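Student: this is a predicted model, with the sequence first.
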Amino acid sequence: MSMLPRVTEETRELIAREFDTRGPDVCTAEVVAHLKRHNPEILDMATRCAADVGDSQKVMLGFAIFFRLLVPGLPTSGDLSPLPAVSEETRARLVREIDTQGTEAFTMEAIAEFERSNPELLQMAHNFATRLRQYLLAMQGFALIYKALVLQSADQRTRLH
């Protein structure tokens, strides 16, 4: 079971209203700035995925919504983020897992974990990806980022005990 925040329907509606009210460009820019300071590995993964999928601005909007669903009260100052900062080591571990399992098996396993532990977040990712020409690449990106956060969270929890 993941230690990441479980997204609810209410949270999904709240974030949708925020993006509608404040505008997607403003909200995406805030998330990107936050990730640049607090979670650069996640930002790099999202940026690379957006480039692979094409229509980077639209794909980054999807990742911004995804992130905001996990962090509904985005810290505006130097406050700590409730999500773990993914380390280079965790990212390297993911690369090894993908190399060992293959992209398809890794993605299917990550999505299965996603479905068990955070179905509302998976629904958002799926709904967003269906509007893109590269559905599979987008879902792989969401699954990769989710798995990175899950692994980092588990690593940090293990270190605390």
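Tutor: Cool, the structure landed.

Student: use CA for all of it now, contacts and neighbours both
Tutor: Fine.

Student: name the helices or strands packed onto the helix or strand where Asp52 lies?
Tutor: Using DSSP states H and E, Asp52 maps to helix 40-53. Here helix 40-53 touches helix 24-38, helix 56-70, helix 135-160, going by 3 or more CA pairs under 8 Å, 6 or more residues apart in numbering; DSSP states H and E.

Student: find the centremost residue of the chain, please.
Tutor: Centroid-nearest residue in the chain, with CA atoms, centre = their mean: Ile145, separated by 4.5 Å.

Student: could you check the pLDDT of that residue?
Tutor: Predicted confidence (pLDDT) for Ile145: 97.

Student: right, and it touches Asp44 too?
Tutor: No - assessed by CA atoms under 8 Å, Ile145 is found out of contact with Asp44, at 10.2 Å.

Student: okay, angle between the least confident helix or strand in the chain by mean pLDDT and helix 40-53 too, please.
Tutor: Least confident helix or strand of the chain, by mean pLDDT, DSSP states H and E, is helix 135-160 with a mean of 90. In terms of direction (axes from the mean of the first three to the mean of the last three CA atoms, to 10 degrees), helix 135-160 departs from helix 40-53 by 170 degrees.

Student: packing partners for helix 135-160?
Tutor: helix 40-53, helix 88-101, helix 103-117, helix 119-129.

Student: what's the closest of the ones you listed to Met3?
Tutor: The minimum distance between Met3 and the helices and strands packed on helix 135-160 falls on helix 103-117, with 8.9 Å, by CA to CA.

Student: for that closest one, buried residues please.
Tutor: Within helix 103-117, the residues scored as buried using 16 or more other CA atoms under 10 Å are Phe106, Thr107, Ala110, Ile111, Glu113, Phe114, Ser117.

Student: if I look at the last one, how far off is Thr107?
Tutor: Going back to what we said before, that points to Ser117. Taking CA to CA, to the nearest Å as the measure, Ser117 falls 15 Å from Thr107.

Student: where does the protein dip in pLDDT?
Tutor: Counting by pLDDT under 70, the ranges of the chain that qualify are 1-2, 74-81, 159-161.

Student: want to throw the buried residues of helix 103-117 into JSON lines with distance to Ala125?
Tutor: Below are the buried residues of helix 103-117 laid out as JSON lines (distance: CA to CA, whole Å):
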{"residue": "Phe106", "distance to Ala125": "17"}
{"residue": "Thr107", "distance to Ala125": "13"}
{"residue": "Ala110", "distance to Ala125": "13"}
{"residue": "Ile111", "distance to Ala125": "10"}
{"residue": "Glu113", "distance to Ala125": "14"}
{"residue": "Phe114", "distance to Ala125": "10"}
{"residue": "Ser117", "distance to Ala125": "14"}
